[in-house]
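Novice: Quick one: sequence plus predicted model below, questions after.
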Protein chains: 2
Amino acid sequence: MSSPSRRSTIVTLSKLAGVAPSTVTRALRGDTRISEKTRQRIAALAQEQGYTPNVLARTLSSGRSGLYGLILGPSSNPFYSELLHEATRQVESLGYRFLIIHAGSGPVEERTAEALLQYQVDGCLVSSAIQSSRVAEVCEKNAVPLVMVNRVALQHGCAVTCDNRAGGRDLARLLLESGRRKFAVVTTSSYSSTAQEREDAFVDELARAGLSLAHRYDGKSHYEGGYEAGLELAKLSGAQRPDAVFALSDIMAMGLLDALRLKGVAVPSDMAVVGFDGLPAAARPIYDLTTIEQPLTTMIERAFALLANRVATPSLPDETISLKGRLLIRGSSGG
Amino acid sequence: MSSPSRRSTIVTLSKLAGVAPSTVTRALRGDTRISEKTRQRIAALAQEQGYTPNVLARTLSSGRSGLYGLILGPSSNPFYSELLHEATRQVESLGYRFLIIHAGSGPVEERTAEALLQYQVDGCLVSSAIQSSRVAEVCEKNAVPLVMVNRVALQHGCAVTCDNRAGGRDLARLLLESGRRKFAVVTTSSYSSTAQEREDAFVDELARAGLSLAHRYDGKSHYEGGYEAGLELAKLSGAQRPDAVFALSDIMAMGLLDALRLKGVAVPSDMAVVGFDGLPAAARPIYDLTTIEQPLTTMIERAFALLANRVATPSLPDETISLKGRLLIRGSSGG
DNA sequence: TGGTCAAGTGCAAACGTTTGCACAGTTGTT
DNA sequence: AACAACTGTGCAAACGTTTGCACTTGACCA
């Protein structure tokens, strides 16, 4: 029952330095009750001995693990990959680490949710299109702060989202202002708060202009679904064919655009296409996609701020933050 | 200095059950020295009290954290996202968890590598196009098993790779057999063992047919680089223009194809294009890319087997496993 | 000279779980 | 009746770090 390599510990350093372990701990943590001379002497010794603190032991006594649990959405949407990388970059700079609780589709298994408790994570960041209700339950029951990114919290927890309604509205206005009059939406049949808000706002804005949605396709939240929708749209001709399509996510917009291209439908002259999310791939010349770019960096900053505040003060009430996205007007919408 | 929610512990269960904590531990772990009756009684009590073991405390005494460290490559290549999801799915089923050490480009910071020791990870899985030499050093020095996936280990550690040479060779043969005679390669200037092997094998096979590489472009390992290479290729005309291009990764092949499409170069009639990796996106009708599909699931299974063996037996020698990829012949190579 | 205060450090228990060794009770055998 | 073996469980220290409380020493003041 020993550490694999008999590494330096507080106790071994204390023996070498001729002081108590508590003195070593305090010296290394910069406690000014320990004299400057002693602090410097112990810091030098720790450096020389290659001491690395054991955070697991520290957690046992301090109650803080320095871990956040992470629940990540499916690989079929590159948005989650972008989110992972940005979140990981920020968590590192905060001096925290991510413990992956779950990644990908499907509900979170019971024992997976338990990992949050087993590893005593300080908080949990969820960005998953699937409702992680079991995770929310475990967090609530055990006073673990939880923040959802790009999802509205239906139960316990905070959330940071893009202002989906404002985005949907802005896109509708852009299309109306450029003269489009017949609209389609590529959405997702499985419940998604983000999709619902984006579509509702889009439709509401059309209604204000006395117009309505002519077609609605289930793009199933992935590229292939957008592609299928594009094939269906390409079959329409004449007055039936919409002159503008809103794909509720960039990944579906990309599928849609590829299908239209292969079927010879000219974008934007025959049909304008807009998306949502602001994936880097949306900027590619082949797509040139007009989209709402989610303020991902800021969303994640705010998410970590919510977590940090609730680690410090567990009784803070739940909070939802909505941040406005940025309309990126590119070639796919004309104008 | 208390647990956030005063959860059940071994000690609290032992008091309720009227037995010693060691009895509770042994009962919950199925030790048959504890009577069946006692084991059942304690299991029921644990269930009733909502007991969840604290793995951090367990690690302190057992020396096993149930954590693997993960170092992930950049988000600009979706291959790494695929790898993350598959690896996470497998690690869950093994009863382990991933601690994210690093994700994305750039060298791993000193304190980031130290996290491996701080959290007492049982092993480390690296899949990063950047040499993680500091991580390898920390692992070697502290007897932490390390396995690289899709990278040849240059220092301490094991590796599981796709047989890049066989793949490069197979692609060369395919192009030769379909009558192609003037070749280009889109590679990466920064050192990559995978790219080097793929290109070397491709060029060697051409040489065996008395042919050589006509053009070589630095695609910088990302979509945009492949796209730039495509623009350059499209500028060539007549006898100068290659009739076949090997992009050393699918992500570059996708950029290449998009550029060729926008410049009106017909694939595969004017120019055959092949890639490597087997990204799901390669199968999209818009790309229809002929590629070598890396056996990702098996590679990760083998990687975990290497880790598990070395957790159990730390002195096992380093090992490199090379697994043959699968040639997927699609429209982009003709025939 | 004695009392008080401040500075600097130590003691020891705790965090939650594990495990080597020990002990008690029961049963079987001589 | 005594002893040995077996079964079932307990003791207590340990893993590495933290921290509330305590102690010692020196300086200062009345």
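Specialist: Now that the structure is in, tell me what you want to look at. Numbering: from 1, shown residues only, chains lettered A, B, ... in the order given.
Novice: The stretch 1-150 of chain A against DNA strand C: which residues are in contact?
Specialist: A:1, A:18-23, A:26, A:33-35, A:37-38, A:57, A:60-61 (CB under 7 Å from any atom of the strand). Every residue, glycine included, has its C-beta placed from N, CA and C.
Novice: can you pick the most crowded of those residues?
Specialist: residue A:23 (21 neighbours; other CB atoms under 10 Å in any protein chain shown).
Novice: Leaving aside the residues adjacent along the chain, what's closest to that residue?
Specialist: In space, residue A:23 comes closest to residue A:34 once its chain neighbours are excluded; the distance is 6.1 Å by CB to CB, 6 or more residues apart in numbering or on different chains.
Novice: Look up the pLDDT of that neighbour for me, please.
Specialist: pLDDT for residue A:34: 93.
Novice: hang on, it in a strand?
Specialist: No. Counting by DSSP: H, G, I helix; E, B strand; the rest coil, residue A:34 is located in no strand; its state is coil.
Novice: My guess is it contacts residue A:26. True?
Specialist: Yes. Judged on CB atoms under 8 Å, residue A:34 makes contact with residue A:26 at a distance of 4.9 Å.
Novice: got the contact list for the host helix or strand of residue A:160?
Specialist: In this structure, residue A:160 is located in strand A:158-162 according to DSSP states H and E. If you take CB atoms under 8 Å, 6 or more residues apart in numbering or on different chains as the criterion, strand A:158-162 is touched by A:145-153, A:193-194, A:292, A:294-295, A:299-300, A:302-303, A:306, A:310, A:318-325.
Novice: now swap in stretch A:18-37 and tell me
Specialist: A:10, A:11, A:13, A:14, A:17, A:38, A:39, A:41, A:42, A:43, A:46, A:53.
Novice: Skipping adjacent residues, who's closest to residue A:73 in space?
Specialist: Per CB to CB, 6+ apart, closest to residue A:73 is residue A:80, 4.0 Å.
Novice: Look up the pLDDT of the one you found for me, please.
Specialist: 92.
Novice: same question, the one 10 residues further on
Specialist: The predicted structure scores residue A:90 at 95 on the pLDDT scale.
Novice: Count residues in the vicinity of it, would you?
Specialist: 15.
Novice: Same question for residue A:313.
Specialist: 9.
Novice: Now do it against residue A:62, distance only.
Specialist: 17 Å (CB to CB, to the nearest Å).
Novice: And for residue A:34?
Specialist: 18 Å.
Novice: re the thing from before, figure out how far the strand holding residue A:160 is from the centre of its chain.
Specialist: 9 Å (CA atoms, centre = their mean, to the nearest Å).
Novice: if we can go back for a sec, hmm, which of the contacts of strand A:158-162 are the buried ones?
Specialist: A:145-153, A:193-194, A:292, A:294-295, A:299-300, A:302-303, A:306, A:310, A:318, A:321-323, A:325 (16 or more other CB atoms under 10 Å in any protein chain shown).
Novice: Could you pick out which of those are located in strands?
Specialist: A:146, A:147, A:148, A:149, A:292, A:321, A:322, A:323 (DSSP state E).
Novice: Share the number of residues neighbouring the residue in the stretch 151-300 of chain A positioned nearest to DNA strand D, please.
Specialist: Taking CB to the nearest atom of the strand, DNA strand D has its nearest neighbour within the stretch 151-300 of chain A at residue A:158, 25.8 Å off. Other residues near residue A:158 number 24, with proximity taken as other CB under 10 Å.
Novice: Just the pLDDT for it.
Specialist: Value for residue A:158, per-residue pLDDT: 92.
Novice: Does chain B have contacts with the helix or strand where residue A:15 lies?
Specialist: Assigned by DSSP H and E, residue A:15 falls within helix A:10-17. No. Helix A:10-17 stays clear of chain B (CB under 8 Å from any CB of the partner chain), getting no nearer than 13.2 Å.
Novice: Pull out the buried positions in the helix or strand containing residue A:43.
Specialist: Assigned by DSSP H and E, residue A:43 falls within helix A:36-49. Within helix A:36-49, the residues that qualify as buried are A:39, A:42, A:45, A:46, counting by 16+ other CB under 10 Å.
Novice: And for stretch A:267-285?
Specialist: Result for stretch A:267-285 [16+ other CB under 10 Å]: buried residues A:267-268, A:271-279, A:281-284.
Novice: And stretch A:173-182, by the same measure?
Specialist: A:173, A:174, A:175, A:176, A:178, A:180, A:182.
Novice: same check, this time on stretch A:233-253
Specialist: So for stretch A:233-253, counting by 16+ other CB under 10 Å, buried means A:233-234, A:236, A:241-253.
Novice: from these, which are also near DNA strand C?
Specialist: Applying CB under 7 Å from any atom of the strand to the buried residues of stretch A:233-253, none is adjacent to DNA strand C.
Novice: and which of these is nearest to residue A:260?
Specialist: For the buried residues of stretch A:233-253, the residue nearest residue A:260 by CB to CB is residue A:234; the value is 6.0 Å.
Novice: which SSE is that closest one in?
Specialist: helix A:223-235.
Novice: elements contacting that helix?
Specialist: strand A:183-187, strand A:213-218, strand A:244-247, helix A:250-262 (3 or more CB pairs under 8 Å, 6 or more residues apart in numbering or on different chains; DSSP states H and E).
Novice: hmm, 6 Å instead?
Specialist: Contact here means 3 or more CB pairs under 6 Å, 6 or more residues apart in numbering or on different chains; DSSP states H and E; on that basis helix A:223-235 packs against helix A:250-262.
Novice: ok, then the element right after the helix it packs on?
Specialist: strand A:272-277.
Novice: And that following strand, how far out from the chain middle?
Specialist: Mean-position distance between strand A:272-277 and its chain equals 19 Å (CA atoms, centre = their mean).
Novice: what's the answer for stretch A:322-333, then?
Specialist: Taking mean C-alpha positions (CA atoms, centre = their mean), stretch A:322-333 and its chain are 18 Å apart.
Novice: Give me the contact list for that stretch.
Specialist: A:161-163, A:166-167, A:170, A:267-268, A:272-274, A:288-295, A:298-299 (CB atoms under 6 Å, 6 or more residues apart in numbering or on different chains).
Novice: got it, and stretch A:168-182?
Specialist: Under CB under 6 Å, 6+ apart, the answer for stretch A:168-182 is A:198, A:201-202, A:205-206, A:209, A:214, A:242-244, A:246, A:272, A:274, A:327, A:334-335.
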